[in-house]
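Q: no sequence for this one, just the structure:
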């Protein structure tokens, strides 16, 4: 069965796979079982009553988590001149124009989030094949195509989390670290769920938020009673 198998079995002990847990109890179970040698990410998975194949059922947006994600993101900004200087002053890790285009186009991506000023989009748009599949394409809807590079860099560094519904109507996101207190994780989860609720698309039919589960990187999923999140 091996060490990993034993560990997973042990982690699942005491969790009822069918039961819906209150948010506080669910987080306690997740944190108790996050015993890897690194600070595990606490992840949320939401099943939504949407079919993202239809444009009017697409769910995407961005939320600033009140307690941050616990991850320090490396941020790249496509900008020129004064805007490039502004991006550097704001703490961007990588700033450039054609030079940065060449690096990224060559397949080197040493950043986690990409921001661009609107005038750079004809250039950045040509990186769709590289940035698109990684979900890193700058987009005005989530505030990553903007003239206000200072605010965009601050948001990316401070715990802004982008969300986008996947094929099966599921949204996944990291909402903190297992070293966070349960209260901080609960605050982040409530902010995240609230943002997804507000992003409800016009075409959504029936129950919009259907199921919610939390887990840590290496731990099992724990189903959460939605009423304990909205309460």
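A: Okay, I see it. Not measured: the values here are computed from a predicted model.

Q: can you pull out the helices in this structure?
A: For the chain, the helices defined by DSSP state H cover 2-12, 23-33, 81-89, 98-105, 121-124, 128-131, 149-158, 182-198, 226-230.

Q: Of these, which is nearest residue 75?
A: Nearest of the helices of the chain to residue 75, taken as Cβ to Cβ: helix 149-158 at 4.7 Å. For glycine as for every other residue, the C-beta is placed from the backbone atoms N, C-alpha and C.

Q: any idea how far the closest one is from the chain center?
A: Counting by Cα atoms, centre = their mean, to the nearest Å, helix 149-158 is centred 15 Å from the centre of its parent chain.

Q: How about residues contacting it?
A: Contacts to helix 149-158, defined as Cβ atoms under 8 Å, 6 or more residues apart in numbering, come from residues 62, 64, 68, 72-73, 75, 77, 79, 83, 86-87, 89-92, 113, 115, 117, 143-144, 146.

Q: Please narrow those to those residing in strands.
A: Of the positions in the contacts of helix 149-158, 62, 64, 75, 77, 113, 115 sit in strands, assigned by DSSP state E.

Q: Provide a ChimeraX selection command restricted to the buried entries of those residues.
A: In ChimeraX, a selection of the buried entries from the ones in strands among the contacts of helix 149-158 looks like this (16 or more other Cβ atoms under 10 Å):
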select :62,75,77,113,115
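
Q: Select, from the ones in strands among the contacts of helix 149-158, the two members most distant in space.
A: Greatest spatial distance in the ones in strands among the contacts of helix 149-158: 64 and 77, 18.6 Å, computed using Cβ to Cβ.

Q: What is the burial count for residue 102?
A: For residue 102, the tally of surrounding residues (other Cβ atoms under 10 Å) stands at 11.

Q: now the nearest residue to residue 128 once chain neighbours are set aside: how far from residue 92?
A: Once flanking residues are discounted, residue 128 sits nearest to residue 137: 6.3 Å by Cβ to Cβ, 6 or more residues apart in numbering. Look at residue 137 and residue 92: by Cβ to Cβ, to the nearest Å, they are 17 Å apart.

Q: Also residue 221?
A: For residue 221 relative to residue 92 (Cβ to Cβ), the value is 35 Å.

Q: ditto for residue 151
A: Applying Cβ to Cβ, the value for residue 151 to residue 92 is 12 Å.

Q: what ranges of this protein fall below the confidence cut-off?
A: Along the chain, segments meeting pLDDT under 70 span 1-8, 10-11, 231.

Q: give me that answer again for 50
A: Residue ranges of the chain with pLDDT under 50: 1.

Q: got the contact list for residue 53?
A: Shown in contact with residue 53 (Cβ under 8 Å, 6+ apart): residue 167.

Q: Let's see that with 7 Å instead.
A: Neighbour list for residue 53: empty [criterion: Cβ atoms under 7 Å, 6 or more residues apart in numbering].
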